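Engineer: Any chance you could fold what I've pasted below:
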Amino acid sequence: MRFRDLRVFNDALLGRKAWRLVHKEESLLIKVMKEKYYPNCSFLDAALGYKGSYSWQSVWSEKSLVKEGVIWRIGTGSTVNIWNDAWLVDEQGRFVTSSESSSFSHVSELINFDSMEWNTELISKHFNERDQKCILSIPLSLKAPKDTLTKAFSNNGLYSTKTTYMLGKGCNFDDFHQVWMYIWSLEVSPKELWEDSGCLSLIDANLMNDPCEFLASWKKRNVKLQQCAIFLAWCIWGERNHKVFNDKTTLNHVLLARANRLIEEYGLYSKKVHVVFGEKRPRSSKSWKPPPEGVIKINADASLAEEG
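Structural biologist: This next block holds a predicted model:
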């Protein structure tokens with residue numbers, strides 16, 4: 001599972017419980033906990049308090065971990081602070097970069113609720129070009145739903161034990177996201193690895209957003225090429241973990257040689273395991289038959305061994 005630090009892994013699991021306190025407010029258990037421990041605020045703003053149970057203290061201790069790597073999905077904007085909360089999305093991060101203004105504090109103050117559109121005049125006056133672009137790209141619904149807290153670096157916006165574990169190990173996801181985009185913009189590893197191995201032809205940028213179509217396109221390619229791509233992807237993933245957790249890197253030609261060696265070893269292994277047996281021998285004409293009527297037949301068997 002690659003969870004090497006059990007203490008951080010346990011914190012990530014507790015964080016899932018804390019995440020439920022934020023999103024499952026209709027649950028009877030969470031209603032009871034809210035009434036007892038944080039009746040006048042949300043869980044993320046709750047204080048530890050006195051005489052809390054061991055369970056409450058454990059879950060509360062993971063609040064800071066849960067708050068990392070989150071982003072608000074804007075509904076009405078009434079609960080989202082413009083200057084302190086994460087609610088923008090681009091390669092520069094999740095927070096507003098403009099100078100703070102005392103004229104307004106919540107996102108709802110930037111919305112024209114009559115038409116449910118952004119107040120472009122106010123936004124252009126107080127925010128820089130980057131922030132304007134990010135704010136105006138956020139869609140607003142006429143249904144005016146509640147603001148929702150989501151995970152910024154997951155495909156579905158839900159809590160992930162894996163990403164929380166990485167945060168617990170000290171990974172800065174904003175920096176990680178920027179570095180990842182920078183790496184893939186360069187004409188170097190891991191793109192060079194795909195090119196040197198001959199597997200670059202398998203990467204179709206037009207299909208990257210549809211995993212099913214992307215993998216289905218591989219069926220039309222050479223089997224050896226598919227096998228090479230799979231082992232190469234596995235080596236790159238292992239190298240990525242080696243860099244994140246141990247801060248060590250491996251040269252491209254070494255990784256490529258490792259992938260080729262794995263392909264060769266797997267081929268030898270397959271030959272030994274998936275043996276093609278010869279033709280089956282014809283069944284003997286001698287077979288057991290029931291005795292004729294009125295005759296008793298006794299079947300016996302014996303075994304000889306050198307010991308005993």
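
Engineer: Could you look up the SS state of the closest residue to residue 27 other than its chain neighbours?
Structural biologist: Nearest residue to residue 27 in three dimensions, chain neighbours excluded: residue 20, at 7.5 Å (C-beta to C-beta, 6 or more residues apart in numbering). Bear in mind the C-beta positions are built from the backbone N, C-alpha and C, glycine included. Three-state assignment for residue 20 (DSSP: H, G, I helix; E, B strand; the rest coil): helix.

Engineer: Isn't residue 20 up against residue 26?
Structural biologist: No - with contact defined as C-beta atoms under 8 Å, residue 20 does not reach residue 26; the gap is 11.1 Å.

Engineer: Tell me which of the two has more neighbours.
Structural biologist: residue 20 (16 against 7; other C-beta atoms under 10 Å).

Engineer: quick revisit: so how far is residue 255 from the residue nearest to residue 27?
Structural biologist: 41 Å (C-beta to C-beta, to the nearest Å).

Engineer: can you check residue 161 too?
Structural biologist: 28 Å.

Engineer: neighbour-wise, which of the two wins?
Structural biologist: For residue 161 and residue 255, the more surrounded residue by other C-beta under 10 Å is residue 255, and the numbers stand at 21 against 15.

Engineer: which residues touch that one?
Structural biologist: Neighbour list for residue 255: 193, 232, 235, 236, 239 [criterion: C-beta atoms under 8 Å, 6 or more residues apart in numbering].

Engineer: By neighbour count, which bits of the helix or strand that contains it are buried? Give me those.
Structural biologist: Assigning secondary structure by DSSP states H and E places residue 255 in helix 252-273. The neighbour-count check on helix 252-273 (16 or more other C-beta atoms under 10 Å) flags 252, 255, 256, 258, 259, 262 as buried.

Engineer: Stretch 27-44 too?
Structural biologist: Neighbour-count burial for stretch 27-44 [16+ other C-beta under 10 Å]: 30, 33, 34, 37, 38, 43.

Engineer: Let's test this: mean pLDDT of stretch 129-145, rounded?
Structural biologist: In this model, stretch 129-145 carries a mean pLDDT of 90.

Engineer: And stretch 91-110, by the same measure?
Structural biologist: 88.

Engineer: Distance from the chain centre to that stretch, please.
Structural biologist: Chain-centre distance of stretch 91-110: 29 Å, with C-alpha atoms, centre = their mean, to the nearest Å.

Engineer: Can you name the residues that contact residue 260?
Structural biologist: Here residue 260 is in contact with residue 228 (C-beta under 8 Å, 6+ apart).
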